[in-house]
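Q: Here is the input, now give the coordinates:
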Amino acid sequence: MQKPTWPTEWKQHSIMIAWTDWMYTGNTESLLRCYDALKADKLLAFCARASDGLLETTHIKSKEHAPVCDIVDWPPGERDGFDFKPVNAVINAFHCLNLRQMAEIAAALGKEDEARDFSTRAETLMRTFHDIFYNRARGCYRDGEGSDHSSLHANMFPLAFGIVPEAERERVANFVKSRGMACSVYGSQYLLEALFQAGMDDAALSLMTDSGPRSWINMLREGSTISMEAWGIRYKPNLDWNHAWGAAPVNIIARYVLGVRPLTPGFGKVLIRPQTGSLEGVQGTVPTIRGPITVGVRHDRRRCYRLIVEIPANMTARLELPPLQVSDDEVSLDRTTIQPVFKDGYLILDELPSGKHLIVWQKKGMAPTTFEPQPRITKEGFLKRNWPF
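A: Predicted structure coming up:
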């Protein structure tokens with residue numbers, strides 16, 4: 001906060017970090033302490049163009065503020081040919097997100113007038129972002145104002161940050177998917193988020209489990225025991241062998257594959273939205289400030305789907321689950337048939353109370369499906385069958 005480093009986006013990440021800390025803890029002490037600095041320095045309002053609010057950041061220096069210089073991705077060879085322009089899509093995608101988060105931060109601190117101002121600016125800027133950067137003919141975003149080039153980065157960030165209008169999401173998502181892992185380990189965090197946000201679960205899982213040179217398996221192959229700064233030595237000969245940004249799958253598994261994310265600060269209410277793709281089963285426990293949340297999924301080629309969740313005390317949950325066929329589903333909660341509610345392609349169970357719950361749905365009239373627990377070998381060498389259903 002007090003001695004920032006040079007990349008523009010690292011300043012923008014300060015707001016993201018503050019917002020995430022508040023959402024995961026419910027504690028506003030840090031927000032209150034940092035609010036003025038977040039608003040004055042990290043929001044980069046001094047770089048905003050008077051005409052439309054877009055940030056103009058390339059190599060801008062200010063006597064009052066630390067210099068900014070866009071990084072887009074790192075190492076430099078991982079930018080998918082990004083065409084740097086004074087007003088670019090990556091920096092302004094972060095700015096749209098920052099404004100939304102500052103609106104929520106201001107509201108949490110009782111600064112209602114500032115919250116409304118941030119919210120209005122965010123809504124206006126997202127429309128401007130789309131008007132300036134979107135290439136309607138190609139169905140993707142340009143790297144910057146005046147550029148004819150469209151990189152993965154100019155598209156994965158707005159897709160991950162919820163900036164893309166609903167009518168264009170599929171086209172942008174298809175472009176992002178088509179580029180593969182054309183980014184660094186740092187960028188992969190937002191690439192995976194973008195694919196999961198777009199419902200492309202299997203595409204994201206495929207990248208996470210890939211064994212090519214641009215993969216986490218390659219880090220193991222090169223002898224690393226902790227995530228590295230780059231995919232391998234060929235991409236950065238002087239790479240750092242202990243970079244936390246290289247560990248994206250850890251939080252992605254918790255937040256998207258198991259689907260556990262806070263809906264209210266401090267996990268008063270939690271979203272559980274498993275995105276398992278073609279995985280036949282997944283099981284895990286996610287720690288929260290109110291206690292651990294356990295999620296287990298088993299499904300059989302989309303004919304039957306079973307979910308077990310265990311929710312700590314003092315917490316409610318909203319479940320969003322992919323339906324089989326909306327008109328032909330039978331859903332039970334804790335072995336009692338219920339009338340399902342569907343919205344935006346998901347089966348919704350809201351205000352689920354704390355405790356252990358079993359949700360099952362399958363075709364109407366179908367005999368109950370049982371799943372045989374799959375054996376696995378523990379580190380001690382013993383076979384273990386531990387599916388909880």
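
Q: OK, contacts around Val176?
A: Residues near Val176 by C-beta atoms under 8 Å, 6 or more residues apart in numbering: Leu152, Asn155, Met156, Leu159, Leu191, Ala194, Leu195, Ala198. In short, each C-beta sits where N, CA and C put it, glycine included.

Q: now do Arg100
A: By C-beta under 8 Å, 6+ apart, the contact list for Arg100 reads Phe118, Ser119, Ala122.

Q: Look up which helix or strand it falls in, please.
A: Arg100 belongs to helix 89-108 when assigned by DSSP states H and E.

Q: Show the average pLDDT along that helix.
A: For helix 89-108, mean pLDDT rounds to 98.

Q: Repeat that for stretch 362-371.
A: Averaged over stretch 362-371, pLDDT sits at 63.

Q: Closest to Glu145 out of the contacts of Arg100?
A: Taking C-beta to C-beta as the measure, Glu145 sits nearest to Ala122 out of the contacts of Arg100, at 19.5 Å.

Q: Could you confirm that closest one falls within a helix?
A: Yes. Counting by DSSP: H, G, I helix; E, B strand; the rest coil, Ala122 is located in a helix.

Q: Now for it: which residues touch it?
A: By C-beta under 8 Å, 6+ apart, Ala122 lies in contact with Cys96, Leu99, Arg100, Ala103.

Q: Include neighbour count, secondary structure and distance to Leu38 when you put the contacts of Val176 into CSV, please.
A: Converted to CSV, those look like this (neighbours: other C-beta atoms under 10 Å; DSSP: H, G, I helix; E, B strand; the rest coil; distance: C-beta to C-beta, whole Å):
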residue, neighbour count, secondary structure, distance to Leu38
Leu152, 27, coil, 29
Asn155, 32, helix, 27
Met156, 33, helix, 25
Leu159, 26, helix, 25
Leu191, 28, helix, 26
Ala194, 26, helix, 25
Leu195, 27, helix, 29
Ala198, 21, coil, 29
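
Q: Show me the two of those residues that sit farthest apart.
A: Using C-beta to C-beta, the contacts of Val176 span at most 13.6 Å, a distance reached by Leu152 and Ala198.

Q: Contact partners for Ile71?
A: Contact analysis of Ile71 by C-beta under 8 Å, 6+ apart lists Trp6, Pro7, Thr8, Glu9, Trp10.

Q: Leaving out sequence neighbours, find the closest residue to the last one.
A: Just to be clear, that refers to Trp10. Pro4 (6.5 Å; C-beta to C-beta, 6 or more residues apart in numbering).

Q: and if you look at Gly162?
A: In space, Gly162 comes closest to Gln197 once its chain neighbours are excluded; the distance is 7.1 Å by C-beta to C-beta, 6+ apart.

Q: pretty sure that neighbour contacts Ala160?
A: Yes. Counting by C-beta atoms under 8 Å, Gln197 touches Ala160, with 6.0 Å between them.

Q: With Met126 as the reference, measure out to the residue nearest to Gly162.
A: 15 Å (C-beta to C-beta, to the nearest Å).

Q: Neighbour count for these two, which is higher?
A: Relative neighbour count places Met126 above the other of Gln197 and Met126, with 23 against 20, counting by other C-beta atoms under 10 Å.

Q: Is the more buried one located within a helix, as I assumed?
A: Yes. Under three-state DSSP, Met126 sits within a helix.

Q: okay, it: pLDDT?
A: Looking at Met126, the pLDDT reads 98.

Q: looking at the contacts of Ala122, which has the most residues close by?
A: Busiest of the contacts of Ala122 [other C-beta under 10 Å] is Cys96, holding 26 neighbours.

Q: can I see the domain layout of the chain?
A: The chain is divided into the following domains under automatic domain parsing: 8-255, 262-384.

Q: which of those sits most buried?
A: The highest average neighbour count among these, using mean count of other C-beta atoms under 10 Å, belongs to domain 8-255 at a mean of 18.

Q: where's that domain relative to the chain centroid, distance-wise?
A: Centroid separation between domain 8-255 and its chain, computed with C-alpha atoms, centre = their mean, to the nearest Å, is 10 Å.

Q: Next, the distance between the ends of it.
A: Across its full length, domain 8-255 reaches 26 Å end to end, with C-alpha to C-alpha, to the nearest Å as the criterion.

Q: what are the ranges of the strands in the stretch 251-389 of the chain?
A: Applying DSSP state E, counting those that start in this stretch to the stretch 251-389 of the chain gives strands spanning 260-262, 269-272, 281-286, 293-299, 304-311, 316-321, 329-333, 336-338, 341-343, 346-352, 355-363, 376-377, 383-384.

Q: what about those, which gets the closest to Leu205?
A: Across the strands of the stretch 251-389 of the chain, closest to Leu205 is strand 281-286 (C-beta to C-beta), at 10.1 Å.
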